[in-house]
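>>> predicted structure and sequence below. I'll ask about it afterward.
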2 protein chains.
Amino acid sequence: MKLIIDCMGGDHAPDEMLAGVIAAHRGRAADCEFLLVGNENALKAVAAERGYDLSPFEIRHTESVITMDDDAMAWRGDKKDASMTVALRALADGEGDAVVSCSNTGALFSGATMIARRAKGVHRAAIGTVLPFDPPVLLLDSGANVIVQPDFLVQFAVMGTAYMKALYGLDKPRVGLLNNGTEEHKGTELQQQAYALLADCPNIHFIGNVEAGSIPLGACDVVVTDGFTGNITLKAFEGMGKMFSKKLKGLFKSGLGGALAYLLLKNKIKELRKSFDASEIGGSPILGLRKPVIKAHGSSKEKAFMNAIYQAKTLASSGALEQMQADMATLEAAKKTAAGGEENAH
Amino acid sequence: MKLIIDCMGGDHAPDEMLAGVIAAHRGRAADCEFLLVGNENALKAVAAERGYDLSPFEIRHTESVITMDDDAMAWRGDKKDASMTVALRALADGEGDAVVSCSNTGALFSGATMIARRAKGVHRAAIGTVLPFDPPVLLLDSGANVIVQPDFLVQFAVMGTAYMKALYGLDKPRVGLLNNGTEEHKGTELQQQAYALLADCPNIHFIGNVEAGSIPLGACDVVVTDGFTGNITLKAFEGMGKMFSKKLKGLFKSGLGGALAYLLLKNKIKELRKSFDASEIGGSPILGLRKPVIKAHGSSKEKAFMNAIYQAKTLASSGALEQMQADMATLEAAKKTAAGGEENAH
């Protein structure tokens, strides 16, 4: 297994990216080969400073970087030779099994879709976000496709199911359709049509509509929605998390009583913090591609990037993408049979 | 000022509704008259049991009740004489200045729109929800209109501005458009068109797109969105609130250390709880009507219902609805001038 790492995207590149690679290579990815894409001098400087041994890794030198301000199509223009673009091209050319990158979401998503390519029969790739709830919940699409068709949501359900089986060992991930009520008729035409298609979809365990409020409370394992609603839901969760984190801090900073209470609960608070720590999860998988691409957060440091590398490794070795393809084919076949049946009935 | 109270809707009717009326009448609504609509025998039984004096109130007897399971149009069918329907009719007939009801949201919204009627020029009424953040934020539409047009959102902004001025004394409420990013071009066609209209709208202070994550952190005072997205955002906030409340409880229930820490922080925790307590706010105003209608939560008890009554009183006496009408007229005039200008330019 060879992992292709874009070492230059992200707020803390290349230092923390390289630290993540070293940590993963010392840890659960010791059996992997690595292709590090980035500025060779910068990487060597970090390695010298931190005492990292780069000899186990293949390095591919690049000069330019796709930044947060770059356009989503920059990889096609003057950033043709940026680290992200070169990494995706190496994946497309079969030089490795997965890409991990902190580059800007729009550029990575469009680059991944068009360079590394969508899997056969997939209408649209989607960005999945694993929400750090108990149990974890995969939300997709969490922002890439602002407008979707009902059958895109069915494919998202198939992709999400395969992902949660592979990454979290779930037997029958519960799939919910994000809606403004649990009743079947709720939502706009999109949700109403998607509901009917999801109910008929083989190989997924569709539990019906879910409300946003029940997601943090364990209502389902996979939530499918359009990228507009998904992005807003994701950010609503994140914003509340930040606000509570502030309130919690304030509670324990209130005088001597607060300080004492903090000492009493220190370990429990650490546990609580850890349970909401997105860096424990890694990054966001771009699903629906021929090969795994993991979008790591732009602010990723060593731990988050290491976990994103583990995520890429697990996804590449799990057979999840093959499973997705098989399920997608079953879905297509079922649709054709249904269409044929309807025609015969006329 | 006369307040019309539907005493029969809600999970704890009529007991807690009557308790709320008594508390309000002993408190800040001592100068108001009340028309209590509901089952007279049931109200008298509660009064006898609790020692309430009903003599200051006018009671209008009704037999039937619109329940949570009733259809949104039930008030037009076999629930023509239900307490909610009678209360709204009394409002329409000029017998009082505002209605407060815990009845089912769909029925109250459609009944309010069609019996109490929309204000002149209003395309759609909207349900506003005051989110208990610091400072409070009015979210509208929070569920009534699943599909909206761009100009509905502009009217929501005008309504929300007048509401936050009147109820929270804000001078220039900051209005944000809920979107999946802050850049002007973000979102679907709805958001893009609404952005342009909001930017040109007189009498509001439009600050641009807001992401859901910045709402709990004080980004704006009024958030406008369609009822589908609004409902999902509202529930995402509520669900996170519930989850954190559980986690917080768990923290202080963890053995002797937890119990001791709780004692140390008791007052601070109470303060924190209170700051998120929706019952402190009251209910959700239905905005865009000729007269105020407050939807109190179905689970309201005395305090929440009392606060909903205060909300109705403040809204009815503030001149907010007249302000809304004036601003709506200014908006229409500006639109006509712009259209005329364009025509002249051709």
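Right, received. Where do you want to start?

>>> what's the least confident helix or strand in chain A by mean pLDDT packed up against?
Within chain A, no helix or strand scores below helix A:320-345, which has a mean of 80 by mean pLDDT, DSSP states H and E. If you count contacts as 3 or more CB pairs under 8 Å, 6 or more residues apart in numbering or on different chains; DSSP states H and E, helix A:320-345 packs onto helix A:150-168. (Each C-beta comes from the backbone N, C-alpha and C, glycine too.)

>>> hmm, back to that, got the angle between the least confident helix or strand of chain A and helix A:150-168?
Here helix A:320-345 runs at an angle of 150 degrees relative to helix A:150-168 (axes from the mean of the first three to the mean of the last three CA atoms, to 10 degrees).

>>> now helix A:320-345, how far from the chain's geometric center?
Distance of helix A:320-345 from its chain centroid, counting by CA atoms, centre = their mean, to the nearest Å, is 26 Å.

>>> could I get the buried residue list for that helix?
By neighbour count on 16 or more other CB atoms under 10 Å in any protein chain shown, the buried set for helix A:320-345 is A:320-321, A:323-325, A:327-328, A:331.

>>> then stretch A:134-151?
Buried, per 16+ other CB under 10 Å, within stretch A:134-151: A:137-146, A:148-151.

>>> next step: these restricted to helices.
A:150-151 (DSSP state H).

>>> and stretch A:281-299, end to end?
14 Å (CA to CA, to the nearest Å).

>>> meant to ask about stretch A:140-153
The first residue of stretch A:140-153 is 9 Å away from its last residue (CA to CA).

>>> show me where the stretch 101-250 of chain A has its helices.
Secondary structure of the stretch 101-250 of chain A (DSSP state H, counting those that start in this stretch): helices at A:105-111, A:150-168, A:189-200, A:227-252.

>>> residues in contact with the third one?
When contacts are defined by CB atoms under 8 Å, 6 or more residues apart in numbering or on different chains, helix A:189-200 is touched by residues A:148-151, A:153-154, A:157, A:175, A:177, A:179, A:184-187, A:204, A:206, A:208-209, A:224, A:226, A:334, A:338.

>>> can I get the helices of the stretch 101-250 of chain A in TSV with mean pLDDT?
Listed next are those as TSV, based on pLDDT from 0 to 100:
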stretch	mean pLDDT
helix A:105-111	95
helix A:150-168	96
helix A:189-200	97
helix A:227-252	91
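
>>> middle-most residue in chain A, spatially?
A:Ser284 (1.7 Å; CA atoms, centre = their mean).

>>> just checking, it touches A:Ile294?
Yes: look at A:Ser284 against A:Ile294 with CB atoms under 8 Å: they come within range, at 7.1 Å.

>>> shared neighbours, the two?
Joint contacts of A:Ser284 and A:Ile294 (CB under 8 Å, 6+ apart) do not exist.

>>> tell me where chain A has strands.
All strands of chain A, identified by DSSP state E, fall at A:2-6, A:33-38, A:58-61, A:98-101, A:126-127, A:129-131, A:137-140, A:174-178, A:205-210, A:222-224, A:284-287, A:293-295.

>>> any idea which of the ones you listed gets closest to chain B?
The closest of these to chain B is strand A:174-178. By CB to the nearest CB, the value is 6.6 Å.

>>> returning to what we had before: quick check, nearest of the buried residues of helix A:320-345 to B:Ser254?
A:Ala320 (37.0 Å; CB to CB).

>>> what's near enough to touch the nearest residue to that closest one once chain neighbours are set aside?
What sits nearest to A:Ala320 in space, not counting adjacent residues and going by CB to CB, 6 or more residues apart in numbering or on different chains, is A:Ala166, at 3.4 Å. By CB under 8 Å, 6+ apart, the residues touching A:Ala166 are A:314-315, A:318-320, A:323.

>>> got the contact list for A:Lys313?
Contacts of A:Lys313 by CB under 8 Å, 6+ apart are A:1, A:3, A:24, A:28-29, A:32, A:98.

>>> up against chain B, what does the stretch 51-200 of chain A have?
Residues of the stretch 51-200 of chain A lying close to chain B (CB under 8 Å from any CB of the partner chain) are A:133, A:143, A:146-147, A:178-181, A:187-188.

>>> for those, work out which two are farthest apart.
Top of the distance list for those (CB to CB): A:Phe133 and A:Ile147, 27.4 Å.

>>> outline the domain layout of chain A.
Following automatic domain parsing, chain A resolves into domains at A:1-122+A:288-346, A:129-279.

>>> mind putting those domains into a markdown table with distance to B:Cys220?
Below are the domains of chain A laid out as a markdown table (distance: least, CB to CB, whole Å):
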| stretch | distance to B:Cys220 |
| --- | --- |
| domain A:1-122+A:288-346 | 24 |
| domain A:129-279 | 13 |
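
>>> what's near enough to touch A:Leu139?
A:128-131, A:215, A:223, A:225, A:230, A:233-234.

>>> possible to save those as a markdown table with distance to A:Leu43?
Output for the contacts of A:Leu139, formatted as a markdown table (distance: CB to CB, whole Å):
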| residue | distance to A:Leu43 |
| --- | --- |
| A:Gly128 | 29 |
| A:Thr129 | 29 |
| A:Val130 | 29 |
| A:Leu131 | 33 |
| A:Ile215 | 40 |
| A:Val223 | 38 |
| A:Thr225 | 39 |
| A:Gly230 | 35 |
| A:Thr233 | 38 |
| A:Leu234 | 32 |
